[in-house]
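**Q** Below are the sequence and a predicted model; questions follow.
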Amino acid sequence: MTIEDCLNSDRERLIEESLERIKTIDPLIKSFITVAQEVALKEGPYKGIPIAVKDNITTKGLRTTCASKILENYIPPYDATCVKRLKDYGFAIVGKTNMDEFAMGSSTERSAFFTTRNPWNTQCVPGGSSGGSAAAVASGQVIAALGSDTGGSVRQPASFCGVVGFKPTYGLVSRYGLIAFASSLDQVGPITKSVRDAALIMDIIAGRDPFDSTTVRRKIDFLSQLEEDIAGMRFAIPEEVYEYEQLDEEVAQRFDEAIKLAEKLGAIVQRVRIPTMRFAVATYYVIAPAEASSNLARYDGVKYGLRVEENGLKGTYMKTRNIGFGEEVRRRIVLGTFTLSAAYYEAYFNKAQKVRMLLSKDVNQVLEKFDAILTPTSPVPAFKIGSVSDPLTYYLMDVFTVPANLVGIPAISIPFGFAHDLPVGLQIMGKRFEDAKVLRIARSFEKKSSYNENGRIPIPVVRI
Ligand code: GLN
């Protein structure tokens, strides 16, 4: 069911139905860390429509853990701006979804609590880090959800679970109340059952916020051109996609079909080179941990969150952080502290910033001549839980998603068929602030994809 379907149904029943479905299905999927005890029916145009929020976005009075032991009992005294806006429109938050701890990961296996399962095959990961949100939407437990995307965490789980995931232009959605991972890359984005629903949510959550000075004052019309066609548009296909060694064959086939569909819809498709794309993952894994190491310094056992007493102040700091943070988070803090240290700053952090600039230049140059860049969202479909243990292999899977964060441009993942019986996502990236155009292109694909019935994306059969 989409938001639009809800508008024509009995609003009084929707929350109850969602809570019932959570009760029957979620023991199998495990998308929620916290389910709200009481969900009030609030007035507004979207009154009573049940949604979920990733557990790194603050919700007043509702526990927000970041899937970390260090925040296990944290109850925020305030709503994130995006949450507040959705509530003001009547949306009902039924729970907080599982994720990789502090959003560091691509599978939810890095949650301090448990791993979420993919509704299409419960042996597989749902992707991450917003895996709980994507799985909850795909399995029909909620109508839509919020996620956060620092290097792909909205788009990749959306692609693994066969739903829509949109990362807006950096600065469009307020980060106030989003627990910081890497502040120059983080954006909140919607995970939905349709492109129109993503546009509807963007229309509510986007906009200037005095509590986040990186938000811009810009009015974007997300909805009025959504149904317009894409004839005459120009799409770029980076050669680098095909040069990526781990590209799954069936994912590549779906991608080729998407290109053919684009041509059928009257678009002009051309191969391009974006040479610096090869360095995107390396650049991301210097910049993101560096910013994270600085952002996570606040969890010290003194101000809030977990506190484990040990000899003296330093002992307490160390013990708290050692017990409170999981392995991946500690790895990133060590990495970040190292690349920011006086001796290595020039060699790593500063170098990465320069490469980020070069990548931005390359990508923006392509977007001067083209309306969008197309790639698969992920080189592989969902993998088996526990099957990827080497951190480097794990990081490399982010190849296609991290460029959009480094450059700050909008990018969407929409379902485009299956590989090995698991969903595949098509990624569309556009120019900064051309979020509405990206959504419109996505809508054209959604409407005409032979994998969708009547322009609608299929729903998994969750076996209970
Ligand atoms: N997978 C990437 C990482 O581990 C991206 C995470 C994200 O977007 N939050 O950092």
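**A** That came through fine.
**Q** So which residues of the stretch 51-200 of the chain form strands?
**A** In the stretch 51-200 of the chain, the strands defined using DSSP state E, counting those that start in this stretch lie at 92-97, 144-149, 164-167, 187-192.
**Q** Neighbouring strands - and their directions - for the last one?
**A** In its sheet, strand 187-192 lies beside strand 144-149 (antiparallel), strand 164-167 (antiparallel), with partners assigned from DSSP bridges.
**Q** coming back round to it: buried deepest among the strands of the stretch 51-200 of the chain, which one?
**A** strand 164-167 (a mean of 34; mean count of other C-beta atoms under 10 Å). Quick note: C-beta positions are derived from backbone N, CA and C, even for glycine.
**Q** Just checking the distance from that one to the centre of its chain.
**A** 7 Å (C-alpha atoms, centre = their mean, to the nearest Å).
**Q** Please see if that strand touches the ligand.
**A** No. Using C-beta under 6 Å from any ligand atom, strand 164-167 stays clear of the ligand, coming no nearer than 8.5 Å.
**Q** what's that strand in contact with?
**A** With C-beta atoms under 8 Å, 6 or more residues apart in numbering as the test, strand 164-167 has contacts from 130, 134, 147, 149, 152, 154-159, 187, 189-195, 197-198, 202, 404-405, 410-415, 425, 435, 438-439, 442, 446, 457.
**Q** Among those, which lie within helices?
**A** 134, 155-159, 195, 197-198, 202, 404-405, 435, 438-439, 442, 446 (DSSP state H).
**Q** The ligand next: which of those residues are close?
**A** Of the ones in helices among the contacts of strand 164-167, not one also sits near the ligand (C-beta under 6 Å from any ligand atom).
**Q** Now a ChimeraX select for only the buried ones of these.
**A** In ChimeraX syntax, the buried subset of the ones in helices among the contacts of strand 164-167 is picked out as below (16 or more other C-beta atoms under 10 Å):
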select :134,155,156,157,158,159,195,197,198,202,404,405,435,438,439,442,446
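**Q** quick one: P289 and E328 touch, right?
**A** No. P289 is beyond contact range of E328, at 10.3 Å (criterion: C-beta atoms under 8 Å).
**Q** Which one of these two is surrounded by more residues?
**A** For P289 and E328, the more surrounded residue by other C-beta atoms under 10 Å is P289, and the numbers stand at 26 against 17.
**Q** Secondary structure element holding the more buried one?
**A** helix 280-295 (DSSP states H and E).
**Q** residue in the stretch 251-400 of the chain nearest to the ligand?
**A** In the stretch 251-400 of the chain, no residue comes nearer to the ligand than D398, which is 4.9 Å away by C-beta to the nearest ligand atom.
**Q** and that residue, how far is that from G140?
**A** 28 Å (C-beta to C-beta, to the nearest Å).
**Q** Please say which of those two ends up with more neighbours.
**A** D398 (23 against 17).
**Q** pLDDT wise, what is the more buried one at?
**A** pLDDT, D398: 97.
**Q** low pLDDT regions in the protein?
**A** Applying pLDDT under 70 to the chain flags the ranges 464.
**Q** and the stretch 151-300 of the chain, which residues reach the ligand?
**A** 151-153, 181, 288.
**Q** Would you mind listing which of the residues you listed are buried?
**A** 151-153, 181, 288.
**Q** Now the two most distant members of these.
**A** Pairwise distances across these peak at 12.3 Å for G152 and F181 (criterion: C-beta to C-beta).
**Q** Now for V241: which residues touch it?
**A** 247, 255, 375-376, 400.
**Q** Could you rank those residues by neighbour count and give me the top one?
**A** For the contacts of V241, neighbours tallied by other C-beta under 10 Å; top is F400, 30 neighbours.
**Q** can you count the residues close to the closest residue to Y285 other than its chain neighbours?
**A** The spatially closest residue to Y285, leaving aside those adjacent along the chain, is Y395, at 5.6 Å (C-beta to C-beta, 6 or more residues apart in numbering). Using other C-beta under 10 Å, the number of residues around Y395 comes to 18.
**Q** Just the helices from the stretch 301-450 of the chain, written as ranges.
**A** Applying DSSP state H, counting those that start in this stretch to the stretch 301-450 of the chain gives helices spanning 312-324, 327-339, 351-369, 391-396, 402-407, 435-448.
**Q** now these in JSON lines, with distance to R271?
**A** Shown next, in JSON lines, are the helices of the stretch 301-450 of the chain (distance: least, C-beta to C-beta, whole Å):
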{"stretch": "helix 312-324", "distance to R271": "48"}
{"stretch": "helix 327-339", "distance to R271": "34"}
{"stretch": "helix 351-369", "distance to R271": "11"}
{"stretch": "helix 391-396", "distance to R271": "23"}
{"stretch": "helix 402-407", "distance to R271": "17"}
{"stretch": "helix 435-448", "distance to R271": "18"}
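**Q** Return the most buried member of these.
**A** helix 402-407 (a mean of 27).
**Q** Run through the residues of the stretch 351-464 of the chain sitting next to the ligand.
**A** The stretch 351-464 of the chain has residues D398 near the ligand, with proximity defined as C-beta under 6 Å from any ligand atom.
**Q** 8 Å instead?
**A** Selection of the stretch 351-464 of the chain residues close to the ligand by C-beta under 8 Å from any ligand atom yields 394-395, 397-398, 401-402, 405.
**Q** Could you dump those residues into JSON lines and include distance to L172?
**A** Listed next are these as JSON lines, based on distance: C-beta to C-beta, whole Å:
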{"residue": "Y394", "distance to L172": "29"}
{"residue": "Y395", "distance to L172": "27"}
{"residue": "M397", "distance to L172": "26"}
{"residue": "D398", "distance to L172": "22"}
{"residue": "T401", "distance to L172": "18"}
{"residue": "V402", "distance to L172": "19"}
{"residue": "N405", "distance to L172": "13"}
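**Q** quick one: which two of those are the most distant?
**A** Pairwise over those, using C-beta to C-beta, the maximum falls at Y394 and N405, 17.1 Å.
**Q** quick one, what contacts the residue of the stretch 251-400 of the chain closest to the ligand?
**A** By C-beta under 8 Å, 6+ apart, the neighbours of D398 are 106, 151-152, 156, 281, 284.
**Q** Now do the same for the closest residue to A231 other than its chain neighbours: helix, strand or coil?
**A** Distance criterion C-beta to C-beta, 6+ apart; nearest residue to A231, sequence neighbours excluded, is G266 at 3.1 Å. Under DSSP: H, G, I helix; E, B strand; the rest coil, G266 falls in the coil class.
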